[in-house]
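Asker: Test case, fold it:
(one chain, ligands or ions: 1)
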Amino acid sequence: MTNPFDRAVIVGGSIGGTLAAAAVAPHFAEVVLLDKDHLPDEAVFRKGVPQGAHFHALLAAGRQAMDELLPGFAEHAFELGAARLDSALDVMRLDRVGWSPRFESTLEFLMASRPLIEKALRDQAHQLANVRYDSGVEVAGLVGADGRVTGVRLADGRNIEADLVIDASGRFSQAPEWLQELGYPAPSEEVVNAHWGYSSTFLRVPENWDPGFRALAVTPFGEGALTPEAASRAMAMWVVEGDRRWILTAQGSGGDHPPRTEEKLREFISSIGVPELDKALAEVEFPEKISMWRDTRSRLRDFAGQPDRPEGFFAIGDAWMGFNPVYGQGMTAAALEARDLRSVIEEQLTEHPKDLTGLAGRFYAKADALIKYCWNSSNTLDHRIPGVDYTVDGEPRTVDASSSEFSDRLAAYMGLDPDRYIKYRETTQLLRSPEWLGSDEVVSAVKAHWDELGRAIVPR
Ligand SMILES: Cc1cc2nc3c(=O)[nH]c(=O)nc-3n(C[C@H](O)[C@H](O)[C@H](O)COP(=O)(O)OP(=O)(O)OC[C@H]3O[C@@H](n4cnc5c(N)ncnc54)[C@H](O)[C@@H]3O)c2cc1C
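Answerer: The predicted structure follows:
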């Protein structure tokens, strides 16, 4: 069968770009991913993805969507050294409602460094005969005429024609400016900044190390903090490749940013007040440099609500919504959006063979529910952080610091029963619809045990 269209161009050959390429590949003679960076063959840090030095949790729904779009992704990642963790048995998690229950479960996590996840995806995409990466090519704008984007303008002055252009250039995407250059309005932009900062480093752990977990996440900040300093602090450490390469990330909110030197970073983490964490930390070495990240704003560009847009162009991944990374949603959202893209392009071409008119609108309409869900869930948490800033198109707005009384009790209730707990984890991993959490069955059970559950909201 011949493909109905000649070329799709994707700006950015990272996670969002690679998955978008897989989604549209069946319909184009060629899909070209342009990346300004030099994309390495190995799973190594690269400057086009500076966040690659920090921990990247892949939610179970993200892994599932990646496997659907690029079959064999997860198995390949495991072959490259990713760790396979039982989400309840191997993970020790301390939050505002205490330690999460530990037991053997069927919910598996794939834990890896960010460069490894990207390599595993790209290796799978290389197997698609009509997909190719063009490295070291920077896109500087769009080319368009008569209400349609017809290609991209490169920084070196060349133009590349395309039937479809997808912007997957990440959180620093210039898409609003590019649209304005063509005479279209920029999308409205909301920004929430709870002033989180990160410090991360890769660890060397002793041979056959058994600290009692393969991942540890400590997030009892706010009212659940164990020490006064910990009110703004969180951390996680887990195995990322092989048995001895672990990553450590410390996070501080409201401007309480973790430091860069080993001694100060150890002090920062120790101030959280968890003896199990102090013991583990005393047994590991910091052989690599400590990387910092400060720009953790959540930024939503309302592409779905744009009153006027050209045909033949849309944004995906962080170019659409750049997440506060603390909640680990970015890669998963990019994967779920790409899965939506695969289904809308099939629908579009079934209804209108050889016509992509309306595809951008269809795609935004379909993926918007997910985007807004992720936006609301991370903001509910960020809005409670002292000093949080919220703007719409640059204008300051008041935050809705809604009470956590119900959500904390809900989390405590879920931890009381293993089956219910796994169902809950599947929901937070975006594998299940969140509707169940608001169902009469769950809400009335939480209300019936309100005081008892309230007493659980002390970490230990
Ligand atoms: C500190 C930090 C920690 C994070 N932790 C997590 C986590 O735990 N879990 C999670 O799911 N997500 C996490 N994220 C988010 C995650 O990194 C992104 O959501 C994910 O990478 C989105 O992928 P993307 O392809 O949209 O953008 P990116 O991965 O940022 O890729 C953009 C690509 O576009 C290229 N590019 C940019 N401009 C141009 C141009 N003009 N021309 C050509 N190429 C261009 C870049 O070189 C790059 O390759 C974190 C982010 C940060 C900042």
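Asker: going forward, measure contacts and count neighbours with C-alpha atoms only.
Answerer: Will do.
Asker: Quick check: chain neighbours aside, which residue is closest to whatever residue of the stretch 301-450 of the chain ends up closest to the ligand?
Answerer: The nearest approach of the stretch 301-450 of the chain to the ligand comes at G330, 3.0 Å away (Cα to the nearest ligand atom). Leaving aside its sequence neighbours, G330 sits nearest to F323 (Cα to Cα, 6 or more residues apart in numbering; 6.0 Å).
Asker: Surely that neighbour touches R301?
Answerer: No: F323 lies out of contact with R301 (Cα atoms under 8 Å); the separation is 11.2 Å.
Asker: between the two, which one's more packed in?
Answerer: The neighbour count for F323 versus R301, taken as other Cα atoms under 10 Å, is higher for F323 (27 against 23).
Asker: List the contacts of that one.
Answerer: Shown in contact with F323 (Cα atoms under 8 Å, 6 or more residues apart in numbering): T296, R297, S298, R299, Q329, G330, W375.
Asker: Just the ones of the residues you listed in helices?
Answerer: For the contacts of F323, membership in helices holds for G330, W375, with DSSP state H as the criterion.
Asker: Among the contacts of F323, filter down to the buried ones and hand me the PyMOL syntax, if you would.
Answerer: To isolate the buried members of those in PyMOL, using 16 or more other Cα atoms under 10 Å:
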select buried, resi 296+297+298+299+329+330+375
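Asker: Name the member of the contacts of F323 with the shortest distance to D451.
Answerer: Relative to D451, the closest of these is W375; by Cα to Cα it sits at 30.3 Å.
Asker: Can you check what pLDDT the model gives the residue positioned nearest the centre of the chain?
Answerer: Nearest to the centroid of the C-alpha atoms of the chain, with distances taken as Cα atoms, centre = their mean, sits G330, at 1.7 Å. Predicted confidence (pLDDT) for G330: 96.
Asker: ok, now A333?
Answerer: On the pLDDT scale, A333 is placed at 97.
Asker: can I get the CA coordinates of stretch 14-28 in PDB?
Answerer: Below are the C-alpha coordinates for stretch 14-28, written out as PDB (Å, rounded to 0.1, in the frame of the first residue of the first chain):
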ATOM      1  CA  SER A  14      13.400  13.100  22.000                       C
ATOM      2  CA  ILE A  15      10.600  11.200  23.800                       C
ATOM      3  CA  GLY A  16       7.600  13.200  22.500                       C
ATOM      4  CA  GLY A  17       9.000  13.400  18.900                       C
ATOM      5  CA  THR A  18      10.000   9.700  18.700                       C
ATOM      6  CA  LEU A  19       6.500   8.600  19.900                       C
ATOM      7  CA  ALA A  20       4.700  11.000  17.600                       C
ATOM      8  CA  ALA A  21       6.800   9.600  14.700                       C
ATOM      9  CA  ALA A  22       5.700   6.100  15.600                       C
ATOM     10  CA  ALA A  23       2.000   7.300  15.700                       C
ATOM     11  CA  VAL A  24       2.000   8.900  12.300                       C
ATOM     12  CA  ALA A  25       4.500   6.700  10.400                       C
ATOM     13  CA  PRO A  26       1.900   4.400   8.700                       C
ATOM     14  CA  HIS A  27       0.500   7.400   6.800                       C
ATOM     15  CA  PHE A  28       3.600   9.100   5.400                       C
END
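Asker: Quick check: the gap between the residue nearest to L69 when sequence neighbours are not counted and E347.
Answerer: Distance criterion Cα to Cα, 6+ apart; nearest residue to L69, sequence neighbours excluded, is A22 at 6.0 Å. Distance from A22 to E347, counting by Cα to Cα, to the nearest Å: 16 Å.
Asker: Counting neighbours, go ahead and name the busier of the two.
Answerer: A direct count of neighbours by other Cα under 10 Å for A22 and E347 places A22 higher, at 24 against 14.
Asker: so what strands line up beside the helix or strand where A234 lies?
Answerer: Using DSSP states H and E, A234 falls within strand 233-241. Note on strand 233-241: by DSSP bridges, its sheet partners are strand 215-218 (antiparallel), strand 245-252 (antiparallel).
Asker: Now do the helix or strand following the last one: everything it contacts.
Answerer: Downstream of strand 245-252, the next assigned helix or strand under DSSP H and E is helix 262-270. Outside helix 262-270, the residues that touch it by Cα under 8 Å, 6+ apart are S199, R233, A234, M235, A250, P258, P259, L277, D278, L281, F286, I290.
Asker: again, 10 Å this time
Answerer: Identification of contacts with helix 262-270 by Cα atoms under 10 Å, 6 or more residues apart in numbering yields 199-201, 218, 229-230, 233-236, 249-252, 256-259, 261, 271, 277-279, 281-282, 285-287, 289-290.
Asker: Next, the buried residues of it.
Answerer: For helix 262-270, using 16+ other Cα under 10 Å, the buried residues are L265, R266, F268, I269, S270.
Asker: Quick check: buried residues in stretch 401-415?
Answerer: Buried residues in stretch 401-415 (16+ other Cα under 10 Å): D408, R409, L410, A411, A412, Y413, M414, G415.
Asker: and the second one, what pLDDT?
Answerer: At R409 the predicted local distance difference test score is 91.
Asker: Surely it is in contact with V446?
Answerer: Yes: assessed by Cα atoms under 10 Å, R409 is found in contact with V446 at 6.7 Å.
Asker: got any residues that touch both of those two?
Answerer: Common neighbours of R409 and V446 (criterion: Cα under 10 Å, 6+ apart): E452, L453, G454.
Asker: contacting residues for P307?
Answerer: Per Cα under 10 Å, 6+ apart, neighbours of P307: Y184, P185, A186, P187.
Asker: so who does the nearest residue to the third one once chain neighbours are set aside touch?
Answerer: What sits nearest to A186 in space, not counting adjacent residues and going by Cα to Cα, 6+ apart, is P176, at 4.7 Å. With contacts defined as Cα under 10 Å, 6+ apart, P176 is in contact with Y184, P185, A186, P187, S188, E189, R301, F303, A319.
Asker: Just list what the worst-scoring helix or strand of the chain on mean pLDDT packs against, helices and strands only.
Answerer: When the helices and strands of the chain are scored by mean pLDDT, DSSP states H and E, strand 98-99 comes last with a mean of 87. The contact analysis (3 or more Cα pairs under 10 Å, 6 or more residues apart in numbering; DSSP states H and E) places strand 98-99 against strand 215-218, helix 405-414.
Asker: which of the contacts of P307 has the most neighbours?
Answerer: Most neighbours among the contacts of P307, by other Cα under 10 Å: P187, with 23 neighbours.
Asker: Reduced to three states, what does that residue come out as?
Answerer: Secondary structure, DSSP: H, G, I helix; E, B strand; the rest coil: P187 is coil.
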